[in-house]
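[1] Make a model of this:
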Amino acid sequence: MKKHTCYAEIRRQLGAGFAAALMLLACTCSSCARGTPSVDSEPAGTGTDMTSAPGEAGGANETTGSAGSETDPPETTEAPAAEEHSVLDGKKVIFIGNSMIYYGGVVTKGGYRGVDTGLFYRICRANGDKTTVIDCTYGNHHLYDFTGKCRTEGCDVGVGGDLLQGLDLSTFDYVFMSESGNNNSNFLTDVRNVMARFPNPDTVFVYMCHTYSYDKGHTKVTGQLEALRRLGVIIADWGHICYDLYSGNVRNPKATVRYVKNTFVNSVSGDSHHPNPLAGYIAALTCYCAVTGRSAVGQSWGDITSVMYGSGSVSYAGYTNKYYTSGNSNFTDVFDSPEDMTGIQGLIDEYVAKWKK
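    Got it, this is the predicted structure:
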């Protein structure tokens, strides 16, 4: 306040006629020292996006400018610090597995070993992360099929071919993988063999545990998750979230609808195990948060209608008619309820945190 007092005293002594010249003295005031522009300049922050990233606190808006003089510069708002991107920004990731990944839209079926723009990609983009996603998921295939020679029919390389052929495996920063619906007694060995194919010591591995493993009590898989964690593998336990919700093992405190198995899983002849778009969103967001450490709460889900699901040709609008011929589902009601979605996002944070301890 001392500098403002001196300026006012000089002004009274010299008269209002010298006000314009005295504006030069204003630059010595504390507000100028804090970066307030002159009256002729554009306020700082014009045209700057002031929106924080989902799940992050917004930057504090500090009001600058001096009070008590009609000739003082106008108040302005300082622009917030540049938004930080996550560890996935600029990185290259690959999804290895089967329909337990692609049915729910985490990636979209097809375009094997090519760039994908499914839900995981879209969550990355919504957070400002320019992540390259490669899809290497094949229906009915197992992790051992990715260890060098495919042993299962129904893929583009044929039995004996390499499902990862043509890819420079040293370039991947993150590898997301998921077992099939088998209670595989060699699960841990198969995971190790897949990991061994990626020569870059900095590559990070993530295991995606789906709902079916819990629904069928596949303890030879679920019982090895702690062993994987000790190997340094990040656990994205998305299936446990869905299973616990529809089994009543956990409660969504913000729920407005009742959760049953069909809320998350298909119900059509021959298919009561594949994840639907809601489960796929939970899977993709769990993967993102487990890797980045960001909160799921506040993340958007508006891109769910922009992704193709199931066989790779089913839209969000057409999913219910195709995959619920043996029962109904209220998964669209959950997506339509901000309360339910916020509660589920909170559970994602809780389940991610369990595997970080």
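
[2] start to end distance for stretch 109-117?
    This stretch, stretch 109-117, spans 11 Å end to end (Cα to Cα, to the nearest Å).

[3] now swap in stretch 334-342 and tell me
    One end of stretch 334-342 to the other measures 10 Å (Cα to Cα).

[4] Could you do stretch 175-189 as well?
    By Cα to Cα, the extent of stretch 175-189 from end to end equals 17 Å.

[5] Quick check: buried residues in that stretch?
    Of all the residues in stretch 175-189, those buried under the rule 16 or more other Cβ atoms under 10 Å are 175, 176, 177, 178, 179, 180, 181, 182, 183, 184, 187, 188. Every residue, glycine included, has its C-beta placed from N, CA and C.

[6] tell me the average confidence for that stretch?
    Per-residue pLDDT over stretch 175-189 has a mean of 98.

[7] Listing request: residues of the stretch 1-150 of the chain with sub-threshold pLDDT.
    Residues of the stretch 1-150 of the chain that meet the criterion pLDDT under 70 lie in 1-83.

[8] Point out the other elements, helices or strands, that the host helix or strand of residue 343 touches.
    Per DSSP states H and E, residue 343 falls inside helix 338-354. Under the contact criterion of 3 or more Cβ pairs under 8 Å, 6 or more residues apart in numbering; DSSP states H and E, helix 338-354 touches helix 238-247, helix 277-292, helix 331-335.

[9] hmm, 10 Å instead?
    strand 234-236, helix 238-247, helix 277-292, helix 331-335 (3 or more Cβ pairs under 10 Å, 6 or more residues apart in numbering; DSSP states H and E).

[10] and the end-to-end length of stretch 131-150?
    28 Å.

[11] Tell me how far it lies from the chain's centre.
    Mean-position distance between stretch 131-150 and its chain equals 22 Å (Cα atoms, centre = their mean, to the nearest Å).

[12] Same check on stretch 185-194?
    27 Å.

[13] Same check on stretch 86-98?
    11 Å.

[14] Tell me which of the helices and strands packed on helix 338-354 sits nearest to residue 92.
    For residue 92, the closest of the helices and strands packed on helix 338-354 is helix 277-292, at 13.1 Å, according to Cβ to Cβ.

[15] what's the angle between the helix or strand following that closest one and helix 277-292?
    As assigned by DSSP H and E, the chain's next helix or strand after helix 277-292 is helix 316-323. With axes from the mean of the first three to the mean of the last three Cα atoms, to 10 degrees defining the directions, helix 316-323 sits at 120 degrees from helix 277-292.

[16] Just the C-alpha atoms of helix 316-323, please, in PDB.
    As requested, the backbone C-alpha atoms of helix 316-323 are provided in PDB (Å, rounded to 0.1, in the frame of the first residue of the first chain):
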ATOM      1  CA  TYR A 316     -24.400 -48.500 -29.000                       C
ATOM      2  CA  ALA A 317     -28.000 -48.000 -30.100                       C
ATOM      3  CA  GLY A 318     -28.300 -51.400 -31.600                       C
ATOM      4  CA  TYR A 319     -26.600 -53.400 -28.800                       C
ATOM      5  CA  THR A 320     -29.600 -54.200 -26.700                       C
ATOM      6  CA  ASN A 321     -31.600 -55.700 -29.500                       C
ATOM      7  CA  LYS A 322     -28.700 -57.900 -30.600                       C
ATOM      8  CA  TYR A 323     -27.300 -59.100 -27.300                       C
END
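
[17] Alright, I will stop here.
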